[in-house]
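Trainee: what shape does this take:
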Amino acid sequence: MKKIAFIGTGQVRQAIAHQLARENFCNDIILLGRNKDMAQGIALDIQHAIPLFKSNNIISEDNDYSAIANSDIVVITAGVPRKPGMSRLDLLDSNRVIVEDVTNIIELPLNDDEQKLLHQSADEIKEKIEQLNAL
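Mentor: Predicted coordinates:
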C-alpha cells in the first residue's frame, strides 16, 4: 500500500492515521481538512509519536484536493457531530450532503485500483486495508 488519504478532521481520522503510520501500512498518509493548522498539528503529533517505528511521510494540506491524486485509498471521515436530541437518522441526513459534496470533489485521477471507503468504523477500514494488502 503506497498512499492513503483522509478527508475530514477529528478523532476518527487521527486515530486511524496514527495506527496506520505506526504499523507502516503505507508510504504516504494525506490528512485533508478545512482547518490546515489542525491537520498540520495532527501530522506533527503522529510523526512525534512514532519515533521507534519507521516513519511514514505524512503530508498535511488545507482543502487542496489535488494532494489526494493517485491515492490507493480515500477515506471520508468528514461530517458534523451528533447534537443533543438529534436522532441517528437526522445525523445521517445532515452528513449525506457533506459526503455527496466530497465525493463529487474527489473525482480526481486515482490509481487503477482506486478504493473509496465511507467511514463506518475504524475496524472496518483497517479490515478493508488488510484485505487490499493481501491481494
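Trainee: what is I4 paired to in the beta sheet?
Mentor: Taking DSSP bridges, one finds I29, I73 as the beta-bridge partners of I4.
Trainee: any idea how far it lies from Q14?
Mentor: Separation of I4 from Q14 (CB to CB, to the nearest Å) stands at 14 Å. Every C-beta, even on glycine, is put in place using the N, C-alpha and C of the backbone.
Trainee: of those two, who's got more company?
Mentor: I4 (27 against 20; other CB atoms under 10 Å).
Trainee: show me the contacts for that one.
Mentor: Listed by CB atoms under 8 Å, 6 or more residues apart in numbering, the contact set of I4 reads L20, F25, C26, D28, I29, I30, S71, D72, I73, V74, V75, I129.
Trainee: if you set the cut-off to 6 Å instead, what comes out?
Mentor: If you count contacts by CB atoms under 6 Å, 6 or more residues apart in numbering, I4 has them with C26, I29, I73.
Trainee: now do the same for the second one: its pLDDT.
Mentor: Which is I29. I29 is assigned 87 on the pLDDT scale.
Trainee: state the distance from it to R13.
Mentor: Using CB to CB, I29 is found at 10 Å from R13.
Trainee: what of the last one?
Mentor: Separation of I73 from R13 (CB to CB): 13 Å.
Trainee: now the helices for this structure?
Mentor: With DSSP state H as the criterion, the chain has helices at 11-22, 36-49, 88-105, 122-134.
Trainee: can I get these in CSV with mean pLDDT and distance to R82?
Mentor: Compiled in CSV, the helices of the chain are given as follows (pLDDT from 0 to 100; distance: least, CB to CB, whole Å):
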stretch, mean pLDDT, distance to R82
helix 11-22, 84, 13
helix 36-49, 82, 20
helix 88-105, 81, 5
helix 122-134, 67, 17
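Trainee: could you identify which of those is most buried?
Mentor: Comparing the helices of the chain by mean neighbour count (mean count of other CB atoms under 10 Å), helix 11-22 comes out on top with a mean of 19.
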